[in-house]
Structures are given as structure tokens and as C-alpha cells.
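Colleague: With the sequence up front, the predicted model follows.
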Amino acid sequence: MVGLIRSLGLHKPDTTPCGQPLSVGEAQALLEIGREPGITQNGLAQRLSLDKSTVSRLVGMLERRAWIERVRDRGDSRFYHLRLTAAGTKANANLAQSRRAKFQRIFDAIPRAQRAGVAASLSALMEAIDES
């Protein structure tokens, strides 16, 4: 596992595995906000399995980059809804393209005969991690 983490660059706090200059947490938050425009900070915390204070910091970082905007809920002012800005939409598209290219190169490097086995093993690994 340590080798996998290092080979993907997950130990580098300010760079994604696909080489983008932002943290993995910021990248995941950006991805989820792009997938569900208007998601609340609480919803984002649940989706990312992070505590509220960590998500608040991530949202603040994305807001400082002008990639997202926070909009107070009209019915309950304790909640914020999150949306990508135009710059955030562009950053998210660049990130998605970089991610696809990186993982396509990895996938292409796996011999065809082994691809199904690798995919099954990754699924089993993810299930085991989720259950532990």
C-alpha cells in the first residue's frame, strides 16, 4: 500500500496524482461540487467522509481560488450551497482531463489479459477498505 500511495504521489500535499497544482482534498471537493451543483457543505462532508471543519477549510481554499461560490440556504441560514464559478468549471474540466489522461496511461500499461483481474482486485480492495 505504501508503494501504491507513493507511486500515485498521494504523499505530496499540494499536487494531485495527475500532476495538477492542488491538494487531493481540493480536487475531490471540486469534483463533487461539479457533480452536484448546490450541494451543501454538510453534504460534501458526507460525500468525502471528512469532518465539517476540514470541509470548511477546503471550501475556503476553493473560494479563495475563485473556483466556487457559497450561497446561503434561503430556508435555513446555517447551510451553504456550493456552486462552481466559471473559473471553477474550467479548473474542474482541466482536472478531469488530466485525471483521464493519467489513468488511461496506467490502464494502457497493464497487459490486456490482466486488466479484468486488476479491476476485480481493485474493487475487492476498495470494499475491504470501506468495511474496515
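Modeller: Perfect, I can see it now. Numbers count the residues shown, from 1 in each chain.
Colleague: just the helices in this protein please.
Modeller: Here the chain has its helices, by DSSP state H, at 2-7, 24-35, 41-48, 52-64, 86-109, 112-131.
Colleague: okay, the ones you listed, which one's buried deepest?
Modeller: Burial of these is given as mean neighbour count (mean count of other C-beta atoms under 10 Å); helix 24-35 ranks first at a mean of 20. Where you see a C-beta, it was placed from the backbone N, CA and C, and this is true even at glycine.
Colleague: Report the angle between that one and helix 52-64.
Modeller: Here the directions of helix 24-35 and helix 52-64 differ by 80 degrees (axes from the mean of the first three to the mean of the last three C-alpha atoms, to 10 degrees).
Colleague: Would you mind pulling the contact partners of helix 24-35?
Modeller: 10, 16-17, 20, 22, 39, 44, 47-48, 50, 54-55, 58-59, 61-62, 67-68, 82-84, 88-89, 91-92, 95-96 (C-beta atoms under 8 Å, 6 or more residues apart in numbering).
Colleague: Need the residue in the protein that's farthest from the chain's center.
Modeller: No residue in the chain sits farther from the centre than Ala113, which is 29.8 Å out by C-alpha atoms, centre = their mean.
Colleague: List the residues that contact the residue lying closest to Gly19 once chain neighbours are set aside.
Modeller: Nearest residue to Gly19, sequence neighbours excluded (C-beta to C-beta, 6 or more residues apart in numbering): Ser98, at 6.3 Å. Listed by C-beta under 8 Å, 6+ apart, the contact partners of Ser98 are 16, 18-20.
Colleague: what two of those residues are the furthest from one another?
Modeller: Farthest-apart pair in the contacts of Ser98 is Thr16 and Gly19; separation 6.7 Å (C-beta to C-beta).
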